[in-house]
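Student: predicted structure and sequence below. I'll ask about it afterward.
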Amino acid sequence: MTRKKKTRSLADKVTIRTGRRKDYKKWRKENPDQVAPSRRFVAKKQQQRKLQAVRKLAREQSGQPIEIHPERKDDPTPGDNA
């Protein structure tokens, strides 16, 4: 059997915000009003969404038009047993 390695981590004992992920997650949970994405990140994401929408529209317009439910005059409507 291997023995359990001793740890020198103070992560559980720390009460202030340090650079550690665990401490930051705890701080973020305790202070939700102070947590917000940066303006730069928000602007970047808005730009990405605009570009994505433009590309999607271009793909839709360049594709072949297909009729998913073509109108048929000769067939009776489903459910009509008359």
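Tutor: Great, that's in hand.
Student: mind listing what's buried in the helix or strand bottoming out on mean pLDDT in the chain?
Tutor: Least confident helix or strand of the chain, by mean pLDDT, DSSP states H and E, is helix 21-30 with a mean of 82. The neighbour-count criterion (16 or more other CB atoms under 10 Å) identifies 23, 26 as the buried residues of helix 21-30. All C-beta atoms are positioned from the backbone trio N, CA, C, and that covers glycine.
Student: start the count at 821 instead of 1 going forward.
Tutor: Happy to do that; since the first residue is 821 now, the last one works out to helix 841-850.
Student: which elements pack onto it?
Tutor: In this structure, helix 841-850 makes packing contacts with no helix or strand, judged by 3 or more CB pairs under 8 Å, 6 or more residues apart in numbering; DSSP states H and E.
Student: touching the next helix-or-strand element following it from outside, list them.
Tutor: On the C-terminal side of helix 841-850, the closest following helix or strand by DSSP states H and E is helix 859-882. Taking CB atoms under 8 Å, 6 or more residues apart in numbering as the criterion, no residue outside helix 859-882 touches it.
Student: and the average pLDDT for helix 859-882 is what?
Tutor: Average pLDDT, helix 859-882: 95.
Student: just the C-alphas of that helix, formatted as CSV.
Tutor: Output for helix 859-882, consisting of C-alpha atoms alone and laid out as CSV, is shown next (Å, rounded to 0.1, in the frame of the first residue of the first chain):
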residue,chain,number,x,y,z
ARG,A,859,-16.5,45.2,-21.3
ARG,A,860,-13.8,43.9,-23.6
PHE,A,861,-15.1,40.3,-23.3
VAL,A,862,-18.7,41.4,-23.8
ALA,A,863,-17.8,43.4,-26.9
LYS,A,864,-15.8,40.4,-28.3
LYS,A,865,-18.7,38.0,-27.8
GLN,A,866,-21.2,40.5,-29.4
GLN,A,867,-19.0,40.7,-32.4
GLN,A,868,-18.7,36.9,-32.7
ARG,A,869,-22.4,36.5,-32.5
LYS,A,870,-23.0,39.1,-35.3
LEU,A,871,-20.4,37.4,-37.5
GLN,A,872,-22.0,34.0,-36.8
ALA,A,873,-25.5,35.4,-37.7
VAL,A,874,-24.1,36.8,-41.0
ARG,A,875,-22.5,33.5,-41.9
LYS,A,876,-25.6,31.6,-41.1
LEU,A,877,-27.7,33.9,-43.2
ALA,A,878,-25.3,33.5,-46.1
ARG,A,879,-25.4,29.7,-45.8
GLU,A,880,-29.1,29.7,-45.8
GLN,A,881,-29.4,32.0,-48.9
SER,A,882,-26.7,30.1,-50.8
